[in-house]
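>>> Just to be clear, the model below is a prediction. Sequence and coordinates:
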Amino acid sequence: MRFSSFTYLVGQGLHNLRANRLMTFASMGVLTVCMLLIGCAYLLGVNIDAMVEYIGDQNETIVYMREDATEDQIAAADAAIRSTEHVVGVTYVSPQEVLSIYDGMLEDYIDLEAAFSSDNPFLPNYRVVMDSPDNIPAVSTQLEQIDGVDKVRAPIELSSTFMSLQQAITYACYAVVAVLAIVSIVVINNTIKITVFNRRKEIGIMKLVGATNGFIRFPFFVEGVTSGLIAAAISSGVVCGAYYALTVWYAENPSNLSQLLGGQLVPLIDVWYYLVGGFVLLGFVLCGIGTATSIRKHLNV
């Protein structure tokens, strides 16, 4: 195709946007609404997934040392625990520190430090954090084999529950996105078919004067791609702008719930390219290719 023909067809496609602005606005409006719903469902799924993962990662595995463990054994165990694969955090808690913690929790009822000043029943222990709840069972088994370790208390059942909950929520949100995408395809395809049907006489005349199928399709393709990209731009601006405002408000208005869930939403900088890229792809595929393929039966003149 010559450059002059290309620019002419592009100009025709843009002209068609203005000439058929009613149907163009209708298709753009429907696509924009569908994109907004898909974007909201995606952001909801991402944040719920991150919150469930954060809560699951807060579970600590406690490694109790034997009461008769020597300082050398404790030092060796410390090095062994810290060098264990998948361990990302280790905190040593002495018997006196454990006693102080429980004394503070029960200070309204009893003075534990005074009661156990001469006979501290608590064992020295390590609070161990792992990189993923998936690794808790295997790492716990390794920690039990370290010399001087009395027992390991790991939240294996709780971590399994969190992982199951995370997967269920993730699949549910992705299913919502998939359903909305299918609805978008059906609605936009029908809207495009109506647009093409209203211009079937124009297509027939172009075919009768000798225009090739590609020559006829291209302006419709330009028209569809342009309207799809405009809808993607509008959706990206609305969703990203609203989500950014929500993250700022959420960070500036902390609550007990927000602290429990990690203190913040997933930052916009981590997800904006997925949103914009998805919107652009959706607009291009649905409107561009949908328009070009919808005129197929009207080319048989």
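Yep, that arrived. The structure presented is a predicted model; accordingly, all values stated were derived computationally and were not measured.

>>> give me the element I62 is part of.
Using DSSP states H and E, I62 sits within strand 61-65.

>>> List the contacts of that strand.
73-74, 77, 81, 123-130, 136, 139-140, 143, 146, 148-155 (CB atoms under 8 Å, 6 or more residues apart in numbering). From N, CA and C alone the C-beta is placed, and that goes for glycine too.

>>> Next secondary structure after the least confident helix or strand in the chain by mean pLDDT?
Least confident element among the helices and strands of the chain, by mean pLDDT, DSSP states H and E: helix 256-260 (a mean of 54). Next helix or strand after helix 256-260 toward the C-terminus (DSSP H and E): helix 272-283.

>>> In that next one, which residues are buried?
The neighbour-count check on helix 272-283 (16 or more other CB atoms under 10 Å) flags 275-276, 278-280, 282-283 as buried.

>>> out of those, who's nearest N253?
Of all those, N253 sits closest to L275, with 23.9 Å by CB to CB.

>>> Number of residues surrounding P219?
By other CB atoms under 10 Å, 22 other residues sit near P219.

>>> V10 versus that one, what's the distance?
As judged by CB to CB, to the nearest Å, P219 and V10 stand 8 Å apart.

>>> Pick out the residue nearest the middle of the protein.
By CA atoms, centre = their mean, the mean C-alpha position of the chain lies nearest to V46, the distance being 2.5 Å.

>>> In space, what's closest to it - neighbours in sequence excluded?
V266 (5.3 Å; CB to CB, 6 or more residues apart in numbering).

>>> Which residues are in contact with the one you found?
Counting by CB under 8 Å, 6+ apart, V266 touches 43, 46-47, 50.

>>> What subset of the residues you listed is buried?
Applying 16+ other CB under 10 Å to the contacts of V266, the neighbour count classes 43, 46-47, 50 as buried.

>>> all strands for the chain, in order.
Along the chain, counting by DSSP state E, strands occupy 61-65, 87-93, 125-130, 149-153.

>>> between the ones you listed, which gets nearest to V239?
For V239, the closest of the strands of the chain is strand 87-93, at 33.7 Å, according to CB to CB.

>>> Put the alpha carbons of that closest one into PDB.
The C-alpha coordinates for strand 87-93 follow below in PDB (Å, rounded to 0.1, in the frame of the first residue of the first chain):
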ATOM      1  CA  VAL A  87      14.800 -18.300  56.800                       C
ATOM      2  CA  VAL A  88      14.600 -14.500  56.400                       C
ATOM      3  CA  GLY A  89      14.400 -13.300  60.000                       C
ATOM      4  CA  VAL A  90      15.700 -14.600  63.400                       C
ATOM      5  CA  THR A  91      15.100 -13.000  66.800                       C
ATOM      6  CA  TYR A  92      16.600 -14.500  70.000                       C
ATOM      7  CA  VAL A  93      14.400 -14.200  73.100                       C
END
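
>>> Format the contacts of V266 as TSV; extra columns: distance to I205 and pLDDT.
Formatted as TSV, those follow (distance: CB to CB, whole Å; pLDDT from 0 to 100):
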residue	distance to I205	pLDDT
L43	47	88
V46	50	84
N47	53	83
A50	56	78
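
>>> correct me, but F122 touches L99?
Yes: under the criterion of CB atoms under 8 Å, F122 makes contact with L99 at 5.6 Å.
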